[in-house]
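Engineer: What would the 3D arrangement of this be:
(chains A and B)
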Amino acid sequence: MVNIRIDGLDIEVEVGITVLEAAQKLNIDIPTLCYLEELNEVGACRVCVVEIEGEANLQPACMYEVREGLEVRTNTPQVIRARKEVIELHLSDHPFDCLTCAANQNCELQSLAKQHGIRELKYEGDRNQFYIDDLSPALVREPSKCIRCRRCISVCSDIQEVHIYDVIERGFDTVAAPAYNESLMDTPCITCGQCIMVCPTGALHEQDNKAEVWEALADESKHVVIQTAPAIRVTIGEMFGMEIGSLVTGKLVAALKRVGFDKVFDDCFGADVVVLEEGQELMERLESGRDLPQFTSCCPGWVKFCETFYPSMLDNLSSCKSPQQVFGALVKTYYAEQEGIDPKNIFSVSTMPCVAKKYEAQRPEMNDSGQRDVDAVLTTRELGEMIKEIGLDIKNLPDEEYDQPMGQATGAGVIFGSTGGVMEASLRTVYEKLTGERLEKLELKEIRSDGFKEAEIDLKDGRTIKAAVARGTGKARQLMDKVVSGEADYDFVEVMACPAGGCVGGGGQPIYSGRDKWNRMYEDRLQRSEGLFKADREKECRVAHENPDVKKLYAEFLEEPHSEKSQQLLHTSYQDRQMYTHEEQYAEERKS
Amino acid sequence: MSTKTISQEIEKQELDSDQQRFAELDKIIAANKGQAGVLINVLHKAQQLYGYLPREVQLRIAEKLEVPFSKVYSVVSFYSLFSTELQGEKTIEVCTGTACYVKGAADVVSKLESELGIAAGDTTEDGLFTLKTTRCVGVCSLAPVILVEDDVHGDIEIDKTAELLDKYK
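Structural biologist: Purely as a prediction, here's the structure:
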């Protein structure tokens, strides 16, 4: 421990922490811009400068380590002036389209300008003008709004290990971008959207699909249905100031009906179907011993990661589509048939905690229903904006029920939204089918050195299922290397591309500007996951194969898991994706 | 009877030469891999081999050194001595240091640009000259100064630049 003094206040703090962290203990909030605790501590923006006794120049608090007898001043006229100057310089190379910016009122640069009372632009000079990259179906990059904080680089390289971004060029031309400032479409970007979650400005955001959904809702010839992903019910409330992780399933349904959707369905129904299809596949693989481990395939970011970086393992990916796409294919076949609606007139929307789902819905092969299986994907953020646009506050709405016949789901489908949930849901069914007994609780144990979790399930006939769960593609890489080298002999592996708890921490979830410290994202997801597991406990039915509506679906339409019809509608194939080949052709295909 | 066309033959020769250079590049990478500062060393040697660092070369280096492509390009785009475009046989550098600037370096640049029909930073169509601007070369008493192939020419008179370039054609 060392004794230091900040703004005349004495405090004893542990060795190794920074002045910024020490000040926080005294409730002194030194403003920051590039800093993101544990993830990006690089001192790039200089907003957090403070006076240190004995130092000739101002020092960045986020980088300066405490030592015995250190004396710091965070609020002298010189510090305040310098801080303001730094912000003004950042503003001098920033486009002023705040009113129409995706990050309007949720921008750390904007907040800082307000906090420091900046009312005029002191410096006028050149401004960088870069093309807006909107070729990707999932993400939009606006490099002109980049403040070179490097957070996107850190999360993409250090956490996800995909390495799309770096600092390119030099001096005034410097920007964080892919090589050659190419479109994300031309890179191996897995569209997880974690860069959006950490970007302090509007330089990175999702493709906005609200307009086409409004258009479909206004079109009387269209029958517009929506499916809600498991993780939306524990985060949409946050868009309206509710506590993090609040479970608001009924209010969400009520809001969507008021927005004007003809039918509001639960994507967890799709998840239940996935459990049966994927479970069947796992049992077949366990029987034959071929292509083990089986990897889950419900996360489109992970699927693209595997296609790009581990193409030799594609046979191990479950051929089952994700719940979103399973649901999409069923809406335009099974549901259309039941209701006697021409599938051409159905506009199928999904709301997802994810931006990769936008990419997934646009994959050319996702049209097994004869149409686009899913027409538009909205993130939690976009959905919140739509609800606000019609003047509703979700807090004040009553609880309403999902529509039939695809509205009933089990607890198994609900926990798909949290890391480990897909595996637990599948194993509940597989275990019961193989042993005839109910799997009471799945204990996952954290393997500390690896950062991923493992479980072993005793099938009581001498056999066991060895399972593993990884969240974040960086961790998935470690796991994959072990699988490829033969060091690990798992039977079943779940991977979620998003590092903060899977879908509850997805790239389409609410962004907490200026407060979204990296470790805070982990705390948030614990609360959100808790919300999902609460929903699971509250469900009468917690195993997918007992869902009466799913039973009906198989009895009346699909026959059985892996039937010819389910193979055609609910299963897909994967392709080896070369890195850094130009995928413009792909984009063309998508447009036509 | 061979039915191969001339253009196919040229393509094949180009391919052979590409492959030879790739083989050479792979040797350079293998010889340097694992050493400290390996990326810059390899890029430097690759530029000597190719004359510049085209995208495919950067990609190959990234792949073989197991360094992200974004990192390779980050380094290439930071250092002004690395070039991603083919350079002319001869480089003309116009000093734009303070003394030369005061003595009309900007006029010298625009005169050369119009004479060569290219913008500063570009290469003439015949591949002979690349025109660049450079920081102070340290002979301010001779301002304005240009360097052609490392020869220093001082006291440049605008109406005599054509004559000067002729010597290098």
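Engineer: Give me the domain ranges for chain B.
Structural biologist: B:6-78, B:90-166 (automatic domain parsing).
Engineer: Spatially central residue in chain B, please.
Structural biologist: B:Gln87 (3.6 Å; Cα atoms, centre = their mean).
Engineer: Quick check: chain neighbours aside, which residue is closest to it?
Structural biologist: Spatially, and ignoring its direct neighbours in sequence, B:Gln87 is nearest to B:Thr130 (4.8 Å; Cβ to Cβ, 6 or more residues apart in numbering or on different chains). C-beta: built from backbone N, CA, C; applies to glycine.
Engineer: likewise B:Gly121?
Structural biologist: Here the residue nearest B:Gly121, using Cβ to Cβ, 6+ apart, is B:Lys132, at 6.4 Å.
Engineer: For the one you found, give me its contacts.
Structural biologist: The contact partners of B:Lys132, by Cβ atoms under 8 Å, 6 or more residues apart in numbering or on different chains, come to B:91-94, B:120-121.
Engineer: how about a cut-off of 7 Å?
Structural biologist: Applying Cβ atoms under 7 Å, 6 or more residues apart in numbering or on different chains to B:Lys132 gives the contacts B:91-93, B:120-121.
Engineer: which of those residues count as buried?
Structural biologist: B:91-93, B:120 (16 or more other Cβ atoms under 10 Å in any protein chain shown).
Engineer: What is the nearest of those residues to chain A?
Structural biologist: Nearest to chain A among those is B:Ala120, at 15.4 Å by Cβ to the nearest Cβ.
Engineer: how much space is there between the closest one and B:Lys132?
Structural biologist: Using Cβ to Cβ, to the nearest Å, we find B:Ala120 at a distance of 6 Å from B:Lys132.
Engineer: hey, least reliable of the domains of chain B by pLDDT?
Structural biologist: Lowest mean pLDDT of these: domain B:6-78, a mean of 87.
Engineer: Show me what from chain B comes close to chain A.
Structural biologist: When proximity is defined as Cβ under 7 Å from any Cβ of the partner chain, chain B approaches chain A at B:59, B:68-71, B:73-74, B:77-78.
Engineer: any idea which residue sits dead centre in chain A?
Structural biologist: Centroid-nearest residue in chain A, with Cα atoms, centre = their mean: A:Gly506, separated by 1.7 Å.
Engineer: Contacts only, for the residue nearest to that residue when sequence neighbours are not counted.
Structural biologist: Of all residues not flanking A:Gly506 in the chain, A:Pro353 sits nearest, at 3.6 Å (Cβ to Cβ, 6+ apart). By Cβ under 7 Å, 6+ apart, the contact set of A:Pro353 is A:229, A:231-232, A:235, A:380, A:503-504, A:506, A:508-509.
Engineer: please redo it, this time with the cut-off set to 10 Å
Structural biologist: Contacts here follow Cβ atoms under 10 Å, 6 or more residues apart in numbering or on different chains; on that basis A:Pro353 touches A:193, A:229-232, A:234-236, A:379-381, A:383, A:417, A:498, A:502-510, A:528.
Engineer: ditto for B:Val94
Structural biologist: Going by Cβ under 10 Å, 6+ apart, B:Val94 touches B:100, B:105-106, B:108-113, B:120, B:131-134, B:137, B:144-147, B:156.
Engineer: if we can go back for a sec, burial check on the residue nearest to B:Gln87, number of neighbours?
Structural biologist: Counted with other Cβ atoms under 10 Å in any protein chain shown, residues neighbouring B:Thr130 total 22.
Engineer: That one is in contact with B:Leu112, isn't it?
Structural biologist: No: look at B:Thr130 against B:Leu112 with Cβ atoms under 10 Å: they stay out of range, at 11.3 Å.
Engineer: which neighbours do those two share?
Structural biologist: With Cβ under 10 Å, 6+ apart, B:Thr130 and B:Leu112 have common neighbours B:92, B:118, B:120.
Engineer: Relative to A:Thr228, how far out is the nearest residue to A:Ala216 once chain neighbours are set aside?
Structural biologist: With Cβ to Cβ, 6+ apart as the criterion, A:Ala216 has its nearest non-adjacent residue at 4.0 Å, and that residue is A:Phe347. Distance of A:Phe347 to A:Thr228, computed by Cβ to Cβ: 16 Å.
Engineer: List the residues that contact the residue in the stretch 451-592 of chain A positioned nearest to chain B.
Structural biologist: Closest approach between the stretch 451-592 of chain A and chain B, counting by Cβ to the nearest Cβ: A:Tyr580, at 5.9 Å. A:Tyr580 is in contact with A:178-180, A:182, A:186-188, B:55-56, B:58-59, B:62-63, B:69-70, counting by Cβ under 10 Å, 6+ apart.
Engineer: So which residues on the stretch 51-200 of chain A come close to chain B?
Structural biologist: By Cβ under 10 Å from any Cβ of the partner chain, the residues of the stretch 51-200 of chain A that approach chain B are A:153, A:156-157, A:161-171, A:173-174, A:176-182, A:187-188.
Engineer: Great, nothing more from me.
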